[in-house]
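> Compute the structure for the input listed below.
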Amino acid sequence: MDQKPLGLLTIHVKRGINLAIRDHRSSDPYIVITVADQTLKTRVVKRNCNPVWNEEMTVAIKDPNVPIRLTVFDWDKFTGDDKMGDANIDIQPYLDSLKMGMELLRLPNGCAIKRVQPSRHNCLSDESSIVWNNGKITQDMILRLNNVECGELEIMLEWHEGAGCRGIASSSKGGSSST
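Here you go, the predicted model:
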C-alpha cells in the first residue's frame, strides 16, 4: 500500500563548480536526482564546467532514511552519457531542525538554527547552515562530488507540508500529532 508522504522537499539546484571535463575542452552537464522510485532531471547546460541551473525540483519524502542521490552526467549526442560524479544529501540534520516547530517563531530572520560540519558521513565540502528566514527553514549546502576527480554542487533545501502529507512530527520516534 502506498503511504502518504511526510512532506515535500524542494531542492533548489543552483550551480555546479569546477565540474570534470568529459568532452574535448568542456562538458555538457545535467543532474539526475533520485529518491526511492522518483527520478528528476535538470536541463543540460552546454559547454560549461561551471553551469548555472537555478532550477527547483520537488520530491515527496515518505521515508527520511531513504537516500537522496544527485548524479551529474555529461550529455553526449552520439554515445552514452558520461558520469561526472555523485553525492548523497543527508537530510537528517535539516529534519531535526524542522521538528523544533513553533519554538522558531521567536527567532529573527536570518538566524542560523544549526550548523552542519563536513564529515565522512555527508558530502558537504564546507559548513552548511540551517536558517530561519521569512517563516521558512532552509539549508544551503555545497556538496563535494564523489567518484570523480573534481566538482561540487551548490543547492538549497526547503520543506513543504501540504494536504495529504503526514507532517514532520509523524517521523519522530513515538511522536504523534494531535489537533
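> Please count neighbours and contacts with C-alpha atoms only from this point.
OK.
> so where do the helices sit in the chain?
Secondary structure of the chain, counting by DSSP state H: helices at 92-98.
> any low-confidence regions in it?
Low-confidence segments of the chain (pLDDT under 70): 1-2, 102, 170-179.
> where do the strands sit along it?
For the chain, the strands defined by DSSP state E cover 7-17, 29-35, 38-41, 52-61, 68-74, 82-89, 111-116, 128-133, 136-144, 152-160.
> Against which helices or strands is the first one packed?
For strand 7-17, the contact count by 3 or more CA pairs under 8 Å, 6 or more residues apart in numbering; DSSP states H and E identifies strand 52-61, strand 152-160 as packing neighbours.
> What lies in contact with the last one?
For strand 152-160, the surrounding residues in contact (CA atoms under 8 Å, 6 or more residues apart in numbering) are 7-19, 125, 136-145.
> any idea how far Gln139 is from Glu154?
Distance, Gln139 to Glu154, using CA to CA, to the nearest Å: 11 Å.
> re earlier: would you list the strands of the chain in TSV and tack on distance to Lys99?
Output for the strands of the chain, formatted as TSV (distance: least, CA to CA, whole Å):
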stretch	distance to Lys99
strand 7-17	13
strand 29-35	22
strand 38-41	25
strand 52-61	15
strand 68-74	20
strand 82-89	18
strand 111-116	12
strand 128-133	13
strand 136-144	11
strand 152-160	11
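> Columns distance to Leu104 and mean neighbour count on top of these, output as JSON lines?
Below are these laid out as JSON lines (distance: least, CA to CA, whole Å; neighbours: other CA atoms under 10 Å):
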{"stretch": "strand 7-17", "distance to Leu104": "19", "mean neighbour count": "19"}
{"stretch": "strand 29-35", "distance to Leu104": "28", "mean neighbour count": "21"}
{"stretch": "strand 38-41", "distance to Leu104": "31", "mean neighbour count": "13"}
{"stretch": "strand 52-61", "distance to Leu104": "22", "mean neighbour count": "17"}
{"stretch": "strand 68-74", "distance to Leu104": "26", "mean neighbour count": "22"}
{"stretch": "strand 82-89", "distance to Leu104": "24", "mean neighbour count": "20"}
{"stretch": "strand 111-116", "distance to Leu104": "9", "mean neighbour count": "16"}
{"stretch": "strand 128-133", "distance to Leu104": "7", "mean neighbour count": "19"}
{"stretch": "strand 136-144", "distance to Leu104": "9", "mean neighbour count": "21"}
{"stretch": "strand 152-160", "distance to Leu104": "15", "mean neighbour count": "20"}
